[in-house]
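Trainee: 3D model of this:
(chains A and B)
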Amino acid sequence: MESESQINILMVDDSPTNLLALEAILQGPERNLVSAASGDDALRYLLDNEVAVILMDVYMPGLDGLETAEMIRGRDRSRNIPIIFLTADSTGGRHLSRGYSLGAVDYIVKPIEPDILRSKVAVFVELFKKTQEIERQAQLLKEKNLELENANLARLNMLIDLGHKLAAEHDPSRVLENFCRSARQIVEAEEAGVGVMNGDGETLSYFFSCAWNEDSATGYRTTVPKSAERALKDLTIKGRPLRLNESDDLLHPRRKNSKVVHSFLGAPILSASKVRGWIYLLNKVNANDFTEADERLAATLATQVAIAHENARLYSDAQLHASELQSEIAERKQAEEERAQLLLSERAARAEAEHANRTKDEFLATLSHELRTPLSAILGWSHLVRSGKLDKPQMSRAYETIERNARAQSQLIDDLLDVSRIITGKLQIEPESVDLGSVIQAAIDSVRPAFEAKAIKFETQMESGGCSVPGDANRLQQIFWNLFSNAVKFTPQEGQVRVQAKRRGQRVNISVSDSGIGISPEFLPYIFDRFRQADGSTTRIHGGLGLGLSIVKHLVQVHQGSIEVKSEGIDKGATFIVSFPCAAAAPARTVDNARNDGLKNQGLPVGFSTILKQLRILVVDDEPDTCELLAAILTGCGSEVKCCESAAEAIKAVRNWKPDLLVSDIGMPNEDGYSLIEKLRKSRSKQARQIPAVALTAYATNDDRERALAAGFQLHVAKPVDPEKLVRSVATTMGRKI
Amino acid sequence: MMTRETEESRPLNPTIMVVEDFEDTRLMMKFWLQREGYRVVEAADGEQAIQAALREAPDLIIMDVEMPGMDGLAATRRMRQHESLRHVPIVTVSAYTADEYRTAALEAGSTDYVSTPFEPAALGKLIEKLLSAK
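Mentor: Down below sits the predicted model:
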């Protein structure tokens, strides 16, 4: 440490007195006076130490001053140390010339003038100091250079890195984002932003900014900082890089509360000599201003990004075209697939149509056969009777046979007519409350001869709980007659048929099981299809048209019922299960309270009993049974009901009884429901004009509905009456909550 | 239903076999043919018909098409395989009216095809014609 802050001055003299004298003269701050008593001492000292100047006595025993100087000069380390010789010989002589040749810088003749010595030494001390300073600065310079070189290398690396990134990136906005981040890092700015303008050269189509600490409040901006706005505008107009510091006017925001920007550097992003955007850098890190080098760098970067951005844009355009092309190909492919699918479904439809056609042909053949078979028996036997050659038992056989075949044919014709009605939607029922038990019994009675003839055990178990079904008694009987006949037809001699009726809540289920030939699983799904019979061949055992079950299914459905079939397979028997909703217990002529109690359980949900409370409802239907049924349903929901059997009666009742709602049948003799509602709507009475009205009819097509609404009804409810649906409709019309 | 010889038959009269599963029609045919003076043999299906034909050697067979088990066409084909039955006239009678049934019947080996309900007089004439041609 000492050697660095203090300057060594070496004094070489064999006389201690002289050394002391020199020391006394040269003493001073920052000086280290080193005494050497001989040349050897001096040389030894100089091996390890820097010395500013040497004061050397010429005459010394042993190595004299000149010899010592020679040796000093001989060493690299000490070659340039100035030496001042001290001599008593004023003339100098040969010492002098030799001394100078050895690099002496001065001679001082003894006795020494202290001032002269002091000033001469001071010159060399000063020289030494300067040299040292220069060396130190040279070293510093060297270090700085190295640092700069390193920094440049880092920038260069970052630039190369950015170049790679930009070249690899195909998304134009990612290009700009990467560029912005890298530029901020390379130029060492606190914040950077990049913007790309729309075609108008003013509004931005893209903007991205980043800051040195993206987590801080100065993180991402979504808009250009106010303080840079004017500078950027200027830059855009001029199309040249712009470098500003605090003193520049352009950097001073017009708004006072804007963030202060100390330094600004911006460069335009040019494409085809037009300014497409810009990059800006704010506040140089660890420095006041951006440098010219930064400016050049920013301009270079901006050029680089312009190219990269353009490339990426072209690439993404190309991608877009490619994807358009791809989607076009996909569309075409899909269209082709659709076409193929269409062809396939067309083929399937044709196959279906062909199948339907075949089924129809088969049916027609069967129909022809089934109609002709009894006919030929009838005609043949008639011929025999007419020939008059039959004996009495043969005659009675003839009559019996003719009648039986005529009946069979009549049944076939009835079935055909029913199917025709079903197909044309003309099979209607006149609903009334029908006691299911008696209907089933009647059906059993009519098939009794058949099952007795085959000695079939026919069991019944009726637990319908006095359930009535709203519907048509004849049609209901037809349902069961068909099911029972089938069971008997397909059950062998001495087989078994079992009929069970059971009440299940608001429904009644009737099952018909037999021990007959059963149904194959393959045919089971088609059992209710029209014109379908399990055996369509000429070897079939069982005749018939295959219409019965399709008619049964339809009839069950018009009665709001359901039907299903079960069979374990061929020869395992079959079970048909029919389910109907229960209606009123028994029809009665008058609507009295006792009747209403019975009606509260007619399949209406709990909570319906007061839903029409305090409403006066006028029911119009020419069928007294229907009137009764409707009245029972509606009074069961808490309303007051009046029944009329004609339109004329209804008009009077509207005037006198002032109902809240009208429920009217459409088809009535003399005057129908349309006429009734039209008259009411044209009436002078406001109440008659505005009374809500529900049309209730067996005509259930859309046209009927539209006609009813057009005539002035608010609502159209199809017959047969579904009590719940009717009540819901009425309640909704009257704004009651269900 | 077993085949049986009817009481009124006279051995010298031609024998006609009626193959028909529908009893009402079979009985009617029997009465009618008997009244016309023929000996009648009945069968209710194809299998029975073949056995009866081999046993009774009828002069003519009236064959229904639709029967359980073996139908009339199959029975006709089988009969034609027997030397003794190869040339017996077989009149196929069916409630099926379409031409394809007639064609199928003739292909199976029927001599003629009549669709029901038939005119007794016409069928009678056909029977006579076929028997005399024999």
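Trainee: give the next helix or strand downstream of the helix or strand of chain B with the lowest mean pLDDT.
Mentor: Least confident helix or strand, chain B: helix B:99-108 with a mean of 88, by mean pLDDT, DSSP states H and E. Where DSSP states H and E defines the elements, the next helix or strand beyond helix B:99-108 is strand B:112-115.
Trainee: just list what that following strand packs against, helices and strands only.
Mentor: In terms of contacts (3 or more C-beta pairs under 8 Å, 6 or more residues apart in numbering or on different chains; DSSP states H and E), strand B:112-115 is packed against strand B:90-94, helix B:99-108, helix B:120-133. The way it works is simple: take the backbone N, C-alpha and C, and place the C-beta from them, glycine included.
Trainee: please identify the most buried of the ones you listed.
Mentor: Mean neighbours per residue, mean count of other C-beta atoms under 10 Å in any protein chain shown, is largest over these for strand B:90-94, with a mean of 26.
Trainee: that older thread, closest one to chain A among the helices and strands packed on strand B:112-115?
Mentor: Chain A lies closest, by C-beta to the nearest C-beta, to one member of the helices and strands packed on strand B:112-115: helix B:120-133, at 5.1 Å.
Trainee: what does chain A put close to chain B?
Mentor: Counting by C-beta under 8 Å from any C-beta of the partner chain, the residues of chain A lying close to chain B are A:365, A:368-381, A:383-384, A:387, A:389-390, A:394, A:397, A:401, A:404-405, A:537-541.
Trainee: emit the ChimeraX select command for whichever of those residues are buried.
Mentor: To isolate the buried subset of the residues of chain A next to chain B in ChimeraX, counting by 16 or more other C-beta atoms under 10 Å in any protein chain shown, use the following:
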select /A:365,368,369,370,371,372,373,374,375,376,377,378,379,380,381,383,384,390,397,401,405,538,539,540
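Trainee: just the residues of chain A next to chain B: which are in helices?
Mentor: Counting by DSSP state H, the residues of chain A next to chain B place A:365, A:368-381, A:383-384, A:387, A:394, A:397, A:401, A:404-405 in helices.
Trainee: dump the helices and strands packed on strand B:112-115 into CSV; add distance to A:Leu726 as well.
Mentor: Shown next, in CSV, are the helices and strands packed on strand B:112-115 (distance: least, C-beta to C-beta, whole Å):
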stretch, distance to A:Leu726
strand B:90-94, 54
helix B:99-108, 54
helix B:120-133, 61
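Trainee: okay if I get these as a markdown table plus distance to chain A?
Mentor: Formatted as a markdown table, the helices and strands packed on strand B:112-115 follow (distance: least, C-beta to the nearest C-beta, whole Å):
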| stretch | distance to chain A |
| --- | --- |
| strand B:90-94 | 8 |
| helix B:99-108 | 8 |
| helix B:120-133 | 5 |
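Trainee: picking up where we left off before, chain center to the least confident helix or strand of chain B: distance?
Mentor: Relative to its chain's centre, helix B:99-108 lies at 16 Å (C-alpha atoms, centre = their mean, to the nearest Å).
Trainee: can you show me the CA trace of that helix as PDB?
Mentor: C-alpha atoms of helix B:99-108 as PDB (Å, rounded to 0.1, in the frame of the first residue of the first chain):
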ATOM      1  CA  ASP B  99    -101.400 -65.000 -63.200                       C
ATOM      2  CA  GLU B 100     -98.200 -65.900 -61.400                       C
ATOM      3  CA  TYR B 101    -100.000 -68.500 -59.400                       C
ATOM      4  CA  ARG B 102    -101.400 -70.100 -62.600                       C
ATOM      5  CA  THR B 103     -97.900 -70.100 -64.100                       C
ATOM      6  CA  ALA B 104     -96.400 -71.500 -60.900                       C
ATOM      7  CA  ALA B 105     -99.100 -74.200 -60.800                       C
ATOM      8  CA  LEU B 106     -98.500 -75.200 -64.500                       C
ATOM      9  CA  GLU B 107     -94.800 -75.300 -63.900                       C
ATOM     10  CA  ALA B 108     -95.200 -77.500 -60.900                       C
END
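Trainee: and chain B, which residues reach chain A?
Mentor: Checking chain B against chain A by C-beta under 8 Å from any C-beta, the hits are B:22, B:24-25, B:27-29, B:31-32, B:35, B:65-73, B:94-98, B:115-118, B:120.
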